[in-house]
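Chemist: Any chance you could fold what I've pasted below:
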Amino acid sequence: MEQTLQTLLLLLAVMVIVAVVARRLNTAPSILLVIAGIALALVPGVPRITLAPELVLLGILPPLIYSAGVAMSWREFCFNLRPIALLAVGCVVFTACAVAALAHWVLGMPLGVGFVLGAIVAPPDVVAPLAIIRRLGIPRRLVVVLNGEGTANDATALILYRFAVAAVGTGFFSLGQAAGTFVLIIVGEIAYGIAIGWLSLRLRRWARDPRVEITLSLMTPYVAFLVPAHLGGSGVLATVVAGLYVSWNGPLLIPAATRLQGIFFWDLLVYLFEGLIFLVTGFQIRTLLDRPEIYPLDASLLAVLLTLVVIVAVRFIWIYPAAYLPRWLSAAVARRDPLPPWQWLFFLAFVGVRGVVSLAAALAIPLTTSSGAPFPGRDLVLFITFGIIVITLVGQGLLLPSVVRWLGLGRHAADERDREQKAELAARSDALKLAQTRLEELAADNRIPPEALAILRARHDYRFGGLPKTEMSEEDAASAAANVRSDLIALEREYIYQRLRDGQITDEARRRIERELDLEEASIASKEEGIGPPL
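Modeler: Sure thing, here's the model as predicted:
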């Protein structure tokens, strides 16, 4: 127990150090965490950390994909359902088949084992690319498509993986039965995810206690994931659907106090889980090096490079027909959703970072088949998977900022932000005008005491006066105002603490004032970084 605690403290300390270094180097922490994990795994005396597949698939994955689902816009998800489905289902199946062909005809694996490898390395990860691209400033639609693909493609890949492992283990496979089971799992998990999302919101509405509601929000992804996974499904799709349902229906059902506390709780939870995943992924190099029966190193490295070339090429091959053909075949699709710029398609094709789900699936391959024989090619599959993860995460992760600059996606994102800010300002103004009209109606009916009416009008005028009215861009005006407000809040804090030290106010009064200042400061941060989802 003591050693486990020491190991956990070591991992947390490394996460903190890497976060500071990453900020200094202006690099994504996820990349440095994987490198740090590999380096630490090679240091003599450092405890060996083995990634348990069950811990990843059942313990860490559910809250991460649920959080991604809640953060996603239901409206934008539905609008982008076609490209998301084409990538999350079509591209995953296409990639799995291509890798299986390579593994069978070039690497000499049995065809069933080739499909196991294909199902493992086919799905791009949802955690790794978003951890990198969220700081690059790319158009929102690209983020939505990548987020939707990353959360949904794990379901496709895990179902294919289970079929392939079962086929290798038993020597039996029926395409018709597998297709029927696949459709049944998809429909069942969608229905179950909606039911869990509905039940979660109703229970949280009855609780009316932020601590209880946040606890229920933490239980939701596990309940959504574990039941389908136990019954033979993936659990991923149900968890994503539950998150999307909460995202769409939660804003009017979740109280403000719960939302404020829940945002900070989930931000910390996701930060810790993501950091531990990347760090422990690097540690798995020790697991590979401790296997004396591994294939010759040169042959294994060649297998990694060939598989990498196939998955990268297949994604580029898939992206362009998937974008052009629907618009060529349907004029309605072309009118409703014009073809995006070629830079967007190239970026989608380029981003194919594999992550911890692939590694967990590889580690979960049975040691033996149903006949008791060793599972063929298991160690090579594990080595290829780890190599693909490290190369795509580190290599593509380091190249992504340069690719974004080369494609000019920053300009596209800036234009998009300008349009969104104008729409937001109009919505704020209209909402305030509506509230003002209602306030004057209540005042005309003498339903508000004069003292309360004066307070309400002053508050309303203050909020109306906070809307930008100059030619200065909304973003620059908001940034300038936020800087001044932060300085004023800091000045107020210093004054309040001085009054406390002088004994002129009590600690209870200081805490009440401090909470108001904290909420004000949190509102500034939310506007600068984007308000969190209603978890």
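Chemist: any idea which residue of this structure is furthest from its center?
Modeler: Asn446 (51.0 Å; C-alpha atoms, centre = their mean).
Chemist: State the distance from that residue to Asn153.
Modeler: From Asn446 over to Asn153 the distance is 61 Å, taken as C-beta to C-beta, to the nearest Å. For the C-beta atoms, the positions are set from N, CA and C on the backbone; glycine is no exception.
Chemist: Do a quick rundown of the helices in the stretch 251-400 of the chain.
Modeler: 256-283, 285-289, 297-329, 331-336, 342-350, 356-363, 378-390, 397-407 (DSSP state H, counting those that start in this stretch).
Chemist: helices and strands around the second one, which ones?
Modeler: Helix 285-289 is packed against helix 29-41, helix 378-390, with contacts defined by 3 or more C-beta pairs under 8 Å, 6 or more residues apart in numbering; DSSP states H and E.
Chemist: quick one, which of those helices is nearest to Glu492?
Modeler: Among the helices and strands packed on helix 285-289, helix 29-41 comes nearest to Glu492, with 33.0 Å by C-beta to C-beta.
Chemist: and the strand or helix carrying Leu10, average pLDDT?
Modeler: In this structure, Leu10 is located in helix 2-25 according to DSSP states H and E. Here helix 2-25 scores 84 as its mean pLDDT.
Chemist: How about it, which residues are buried there?
Modeler: Buried residues in helix 2-25, defined by neighbour count with 16 or more other C-beta atoms under 10 Å: 11, 14-15, 18, 22.
Chemist: from those residues, which single one is nearest Gly37?
Modeler: Using C-beta to C-beta, these come closest to Gly37 at Val14, 8.0 Å.
Chemist: Test my guess that that closest one contacts Ala36.
Modeler: Yes. Using C-beta atoms under 8 Å, Val14 is in contact with Ala36, at 5.7 Å.
Chemist: Now the common contact residues for these two.
Modeler: Leu279 (C-beta atoms under 8 Å, 6 or more residues apart in numbering).
Chemist: re earlier: pretty sure the residue farthest from the centre of the chain sits in a strand.
Modeler: No. Judged by DSSP: H, G, I helix; E, B strand; the rest coil, Asn446 forms no part of a strand; its state is coil.
Chemist: Give me the phi and psi for it.
Modeler: The phi/psi pair for Asn446 (degrees, to the nearest 10) reads phi 60, psi 40.
Chemist: can you check Gly377 too?
Modeler: According to degrees, to the nearest 10, Gly377 has phi 70, psi 20.
Chemist: Contacts only, for it.
Modeler: So Gly377 contacts 109-110, 113, 117 (C-beta under 8 Å, 6+ apart).
Chemist: Okay, angle between the helix holding Leu10 and helix 256-283 too, please.
Modeler: For helix 2-25 against helix 256-283, the angle between stretch directions is 100 degrees (axes from the mean of the first three to the mean of the last three C-alpha atoms, to 10 degrees).
Chemist: which residues touch the most centrally placed residue in the chain?
Modeler: Closest to where the C-alpha atoms of the chain average out (C-alpha atoms, centre = their mean) is Ala68, at 4.1 Å. Taking C-beta under 8 Å, 6+ apart as the contact definition, Ala68 lies against 126, 130, 147, 150-151, 240, 243.
Chemist: Might you specify the subset of these located within helices?
Modeler: In helices, defined here by DSSP state H, the members of the contacts of Ala68 are 130, 147, 150-151, 240, 243.
Chemist: Closest to Gly355 out of those residues?
Modeler: Out of these, the member with the shortest distance to Gly355 (by C-beta to C-beta) is Gly150, at 8.6 Å.
Chemist: surely that closest one meets Val144?
Modeler: No. Gly150 lies out of contact with Val144 (C-beta under 8 Å); the separation is 10.8 Å.
Chemist: neighbour count winner among these two?
Modeler: Between Gly150 and Val144, counted using other C-beta atoms under 10 Å, the more crowded position is Gly150 (27 against 19).
Chemist: where along the stretch 401-535 of the chain do the helices fall?
Modeler: Using DSSP H, counting those that start in this stretch, helices in the stretch 401-535 of the chain cover 409-444, 450-465, 474-501, 507-529.
Chemist: List the buried residues of the first one.
Modeler: Of the residues in helix 409-444, 409, 412-413, 417, 421, 432, 436, 439 count as buried by neighbour count, 16+ other C-beta under 10 Å.
Chemist: what's the following helix or strand after the helix or strand where Leu102 lies?
Modeler: Using DSSP H and E, Leu102 sits in helix 92-105. Toward the C-terminus, helix 92-105 is succeeded by helix 111-121 as the next helix or strand (DSSP H and E).
Chemist: Tell me the helices and strands packed up against that next one.
Modeler: Secondary-structure packing of helix 111-121 (3+ C-beta pairs under 8 Å, 6+ apart): helix 92-105, helix 140-170, helix 297-329, helix 356-363, helix 378-390.
Chemist: and the angle from the longest one to helix 342-350?
Modeler: Per the same axes, to 10 degrees, the angle that helix 297-329 makes with helix 342-350 is 140 degrees.
Chemist: swap in the last one?
Modeler: Helix 378-390 and helix 342-350 meet at an angle of 150 degrees, taking the same axes, to 10 degrees as the criterion.
Chemist: counting contacts, what elements does helix 378-390 pack onto?
Modeler: On a contact count with 3+ C-beta pairs under 8 Å, 6+ apart, helix 378-390 meets helix 29-41, helix 111-121, helix 285-289, helix 297-329, helix 356-363.
Chemist: what does the third one give?
Modeler: In terms of contacts (3+ C-beta pairs under 8 Å, 6+ apart), helix 297-329 is packed against helix 81-85, helix 92-105, helix 111-121, helix 331-336, helix 342-350, helix 378-390.
Chemist: And the ones in helices among the contacts of Ala68, which is the shakiest by pLDDT?
Modeler: Within the ones in helices among the contacts of Ala68, pLDDT is lowest for Leu130, at 72.
Chemist: How many neighbouring residues does that one have?
Modeler: Neighbour count for Leu130, taken as other C-beta under 10 Å: 22.
Chemist: And for the one 5 residues further on?
Modeler: One way to gauge burial is a neighbour count; for Arg135, by other C-beta under 10 Å, it gives 14.
Chemist: And for Val99?
Modeler: 27.
Chemist: same question, the one 3 residues further on
Modeler: Leu102: 21 surrounding residues under other C-beta under 10 Å.
Chemist: So for it, what's the nearest residue that isn't a sequence neighbour?
Modeler: When the adjacent residues along the chain are set aside, Leu102 lies closest to Val310, with 5.1 Å between them (C-beta to C-beta, 6 or more residues apart in numbering).
Chemist: Just to check, that neighbour is in contact with Ala100?
Modeler: No. In this structure, Val310 is not within contact of Ala100 by C-beta under 8 Å, at 10.0 Å.
Chemist: okay, the two: which has more neighbours?
Modeler: Higher neighbour count among Val310 and Ala100: Ala100, with 23 against 19, using other C-beta under 10 Å.
Chemist: What sits closest to that one if chain neighbours are left out?
Modeler: Nearest one to Ala100, counting by C-beta to C-beta, 6+ apart, is Gly114 at 3.6 Å.
Chemist: Over to Glu76?
Modeler: With C-beta to C-beta, 6+ apart, the residue lying closest to Glu76 is Val144, at 4.7 Å.
Chemist: What pLDDT does the model give that neighbour?
Modeler: Per the predicted model, pLDDT is 87 at Val144.
Chemist: what do you get for the one 4 residues further on?
Modeler: As predicted, Gly148 sits at a pLDDT of 87.
Chemist: This completes my enquiry, with thanks.
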